[in-house]
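In: give the three-dimensional model of this entry:
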Amino acid sequence: MGRHQFTMPKTTMPGVAAVIADSDRSFPRHMHDQFGIGVIERGAQKSASGRGVVEAEAGHVITVNPGEVHDGIALSERGRAWTMLYLDPEVVHAALSDIREQDRRDFEFVYPVDPRPLADRFRAVFQTMTSQRSALPGEEALLLLLSQMLERPLAPPKHAASVALSRVKEMVDEAPQMQFSLAELAAEAGMSRFRFLRAFSSVTGLTPHSYLMQRRLHMARQALAKGDAPAEAALASGFCDQSHLNRVFVRHFGTTPPPTGMRSPDRNLQFHPRPICGIEAE
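Out: Modelled structure (predicted):
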């Protein structure tokens, strides 16, 4: 009996669909209305594309453009496994117009099998899109991935006015429990989303989402030190619930939050704009 398993985990971003597949089936020529980006995780396949017949094996990034006719044939009886993200054209056009800072709709993926080492970057986007509770980290990761997939390398971004970034940081510092969007923060700085993401990360050493999580952790620690119940501290600080706070706390500090009314061992530690233990995401 053949192997054929498909699952479609939910994503945090409207207009983006995720697929996890493991199949030995051959797929006839067909096309999608969306852009597709994925990685072959096991095995190999041969497929038609807009640029001829191509072969992809484990670790290769594969792409497809809207309306591009393609098929898929496994190169062994064991089939192949892959993960994919399908992006509505509006999502890609908005992201690329943002990256280029001009309205452009002429983008297409150039490589049906991309020769560049982008598999780990894609896996990070897929993991973020399908496991996080907030749309912000997935939006950040997708912008960075698409910027790397442009045919021409981007010029280094101009240094943003420090006053604009300071204004955004102050807004986050004053209310980290708020559910900020990347577009909202970028608008406050007077920049495109991608330019803001690059500038903010360059100045602080953290993406906007990572910085926001750091400030939420700081707020929760202060609330716990004052005697607030853990569940109340979590919700007041912008976390979904107490278990959400515990998971993020352990990832950043290597331990669970201190008991109510007790200060953290590093109570005198000043906030440092670098990820602790190299962990940047929730």
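In: number of nearby residues for the closest residue to Ala223 other than its chain neighbours?
Out: Among residues not flanking Ala223 along the chain, Ala233 sits closest, at 3.8 Å (CB to CB, 6 or more residues apart in numbering). All C-beta atoms are positioned from the backbone trio N, CA, C, and that covers glycine. By the criterion of other CB atoms under 10 Å, Ala233 has 23 neighbours.
In: a strand runs through Ala233, doesn't it?
Out: No - assigned with DSSP: H, G, I helix; E, B strand; the rest coil, Ala233 falls outside any strand and is helix.
In: quick one: it and Asp241 touch, right?
Out: No - Ala233 is beyond contact range of Asp241, at 11.0 Å (criterion: CB atoms under 8 Å).
In: if I look at the residue nearest to Ala223, how far off is Asp103?
Out: 44 Å (CB to CB, to the nearest Å).
In: same check on Arg247?
Out: From Arg247 to Asp103 the distance is 40 Å (CB to CB).
In: tell me which other helices or strands the lengthiest strand in the chain touches.
Out: As assigned by DSSP state E, the longest strand anywhere in the chain is strand 35-47. If you count contacts as 3 or more CB pairs under 8 Å, 6 or more residues apart in numbering; DSSP states H and E, strand 35-47 packs onto strand 54-57, strand 61-64, strand 70-74, strand 80-87, helix 119-131.
In: tell me where the protein has helices.
Out: Here the chain has its helices, by DSSP state H, at 89-100, 119-131, 135-149, 162-174, 182-189, 193-204, 208-225, 230-236, 242-253.
In: save these as CSV, and put in distance to Val110 too.
Out: Output for these, formatted as CSV (distance: least, CB to CB, whole Å):
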stretch, distance to Val110
helix 89-100, 13
helix 119-131, 16
helix 135-149, 8
helix 162-174, 34
helix 182-189, 26
helix 193-204, 20
helix 208-225, 29
helix 230-236, 45
helix 242-253, 37
